[in-house]
Every structure is written in C-alpha cells, then in structure tokens.
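Colleague: Quick one: sequence plus predicted model below, questions after.
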Amino acid sequence: MQVSFVTVANDTSDHHYAGARLKSGTATTFVGCQFLQGLFSMLIDVEDGDSVLNTTITAKCYLDSASQAALWCTATGSGNIARIMASSSWFSTAGQGEGIVLASMGTGASDGVEIDGCELVLNSGSGLKLTDAKWKNTRVNGGVAAGNNIGVELAAGVSDVSVRNMTIGASDGFAGNSNGMFIAAGAGDRIEIQNNTMRGNTSTTINSATGLNNRIEGNAGYNDTPVGSSIAVGASPFTHRAGPSPETIYISGGTVSAIVVAGVTAFTNTGHTVELAPNETVQVTYSSAPFMNRVRH
C-alpha cells in the first residue's frame, strides 16, 4: 500500500492520537506526507501474533509537533517489526518529545531499521532513541541530529547499531545537542560510531558500553580531541586492551623483555610507542614494571 502526499493536522490544542498508525501489514510506503501534532506523528504498535514488515517513509515526509514522539515503534507479546526504512524525511516534536523511538518489544523479532539522510531535530528528548536491547541491525547513514537534548541515545545492552556520516551537533541553522551521543552502561556490542561530525554539542559522547567489538573512530569533534591517562600496570605478563577508539601507548622505564602487539612480538626492551586499533591488545613481559600511558584518539 502507498500513501502519498497526505496531510493530517489539528487546528486546536485537542490533539489526535496519531497522524498515521500501523498495527499490522506488509509493504506500506509513505511518500511526501505531513503528519503534524497529535500524541504521535506516526505510531507503529504491534500486538501479540501480528507483524509490521517493510515500512518505508520517504520523499520528504514531515513528522512534526507531536507531544510525545514523531515516530514511535513498539510491540507486545510475539509481535514482530522488521525492515523500517526512513529516508530524506523530517522527525521533530518542536521541543516537546522524542524524534524516533525504537521502544519496548515483547518476545517477537525487531530486526532491520535503516535511517538515511533524515533530520532529527528540535526534540526535548533524543533525536534517535533505542530503549530495548531486542532491536537488532539498526543503521543510520547521513542526516542531522541537532537541537535535541541527546542526539543519539542507546539504552543498556543495545547492540548491532551503526551510525555513520551523520552531523550530530550544530548544523542547518540549529544549535547543537546538550549531549551528542549517550551509550548507557551495559553489554552493548557491535556498536559502530564512525566518520560523524560531532561539533557544537555541550557534551560530545558518553560511552559506557562494555562490549569488546565496539568501534568509535573518525568522528570530528570527538576522536580528533586526544585524551590521555595513565595505565595501572598489573602482574607480568600484563595485557592492555584498547577501548572502542584508537590508542597510542607509551612504554618507558622498568626492565622489559617482550612487547607483543596483537600476538606478534614487536620489541624486546622498554622505551617504545605502540599504536593500537580499536579493541587491539598489547602485552608487556617484564621483571621490573615499566610506566605505561595512553592517549585515546
């Protein structure tokens, strides 16, 4: 089904529930629509045993001024949501609520969300918010998150997310976000935040996810601001693992017999600098402990 160039709006403060609502169905495409005001501009809420699959929001759809969220996606019981594709569209609540929310899921699948070249702006909450670790394979490419409290927010345990080539910060006449990105503490893994521009935010990135396959690299306004700290050297052989961003490791002093990088012996004495890619390791064998410091890039 295709819905094209439809406008749903209110003339009063007595808002409707949702400009568009999907509870089941396959292959629904929204083209150039305007869903304004309401509690939700668009709501996908799937009940036990139902599915919403292959939903496309494209061609400058305009979801704005809802009081809770521009787009809210949730399911209960065994309800399934898969393959949501949003491109070249606008998601804002005019300072009232959230932009796009991938909310709570039951026991069903929630797989495949693609957001390409969209504007997630002027939300009192987050531009994009994932609240449930059951959401898998969420991909954001390009677009803008500006003027929000948080540009992109991932709850504890959310995994398999990529955000690339996006401007998360002051842009297009909008101020930056209070927080560019927030990744909550928990076992979130395979989170890739790469090649974004993160300038003009009050705080740039807070990452507390503990997964060992995360990558935060190449982000202007974050990775180009080096942060240094000392490393507490443990018993020999001591292994340090880089976090999700590249690190430069400085090893000096002590009596060192081997420095092994990613399983390969690189040096057999102290006084060396080692470059680590995200999640890469360096192991130091010593009889007298060296000093070790790191700079995150």
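Modeller: Structure's in. What do you need?

Colleague: what comes into contact with stretch 20-33?
Modeller: Applying Cβ atoms under 8 Å, 6 or more residues apart in numbering, the contact partners of stretch 20-33 are 1-8, 35, 40-47, 50-62. Glycine gets a C-beta too; all of them are placed from N, C-alpha and C.

Colleague: which parts of it are buried?
Modeller: By 16 or more other Cβ atoms under 10 Å, the buried positions in stretch 20-33 come out as 20, 22, 28-30, 32-33.

Colleague: Next, give me the two most distant ones among those.
Modeller: 22 and 32 (17.7 Å; Cβ to Cβ).

Colleague: mind listing which of the buried residues of stretch 20-33 are in helices?
Modeller: Among the buried residues of stretch 20-33, no residue falls in helices (DSSP state H).

Colleague: Now distance to residue 168 and pLDDT too, for those residues, in a markdown table please.
Modeller: Below are the buried residues of stretch 20-33 laid out as a markdown table (distance: Cβ to Cβ, whole Å; pLDDT from 0 to 100):
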| residue | distance to residue 168 | pLDDT |
| --- | --- | --- |
| 20 | 27 | 94 |
| 22 | 28 | 95 |
| 28 | 29 | 96 |
| 29 | 28 | 97 |
| 30 | 25 | 97 |
| 32 | 26 | 96 |
| 33 | 26 | 96 |
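
Colleague: from those residues, which single one is nearest residue 193?
Modeller: Nearest member of those to residue 193, counting by Cβ to Cβ, is residue 30, at 28.3 Å.

Colleague: Quick one: distance of the one helix or strand residue 138 maps to to the chain centre.
Modeller: Using DSSP states H and E, the element containing residue 138 is strand 135-141. If you compare the mean C-alpha spot of strand 135-141 with that of the full chain, they lie 8 Å apart, counting by Cα atoms, centre = their mean, to the nearest Å.

Colleague: Tell me which other helices or strands it touches.
Modeller: Contact here means 3 or more Cβ pairs under 8 Å, 6 or more residues apart in numbering; DSSP states H and E; on that basis strand 135-141 packs against strand 110-116, strand 161-164.

Colleague: Residue 229: neighbouring residues, count only.
Modeller: A count of nearby residues for residue 229, using other Cβ atoms under 10 Å, gives 10.

Colleague: Begin at 249 from now on, thanks
Modeller: Yep, numbering from 249; the last one is residue 477 now.

Colleague: Spatially nearest residue to it, not counting backbone neighbours?
Modeller: residue 542 (6.1 Å; Cβ to Cβ, 6 or more residues apart in numbering).

Colleague: Buried residues, the helix or strand that neighbour falls within. List them.
Modeller: Assigned by DSSP H and E, residue 542 falls within strand 539-544. Going by neighbour count (16+ other Cβ under 10 Å), the buried part of strand 539-544 is 540, 542, 544.

Colleague: Identify the residues contacting the residue lying closest to residue 365 once chain neighbours are set aside.
Modeller: Computed as Cβ to Cβ, 6+ apart, the closest residue to residue 365 that is not its neighbour in sequence is residue 390, at 4.4 Å. Residues in contact with residue 390 (Cβ under 8 Å, 6+ apart) are 364-365, 412-414.

Colleague: Quick one: those as JSON lines, columns for distance to residue 536, neighbour count and pLDDT too.
Modeller: JSON lines is the format used below for these (distance: Cβ to Cβ, whole Å; neighbours: other Cβ atoms under 10 Å; pLDDT from 0 to 100):
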{"residue": "364", "distance to residue 536": "55", "neighbour count": "16", "pLDDT": "98"}
{"residue": "365", "distance to residue 536": "56", "neighbour count": "16", "pLDDT": "97"}
{"residue": "412", "distance to residue 536": "45", "neighbour count": "15", "pLDDT": "98"}
{"residue": "413", "distance to residue 536": "47", "neighbour count": "15", "pLDDT": "98"}
{"residue": "414", "distance to residue 536": "47", "neighbour count": "29", "pLDDT": "98"}
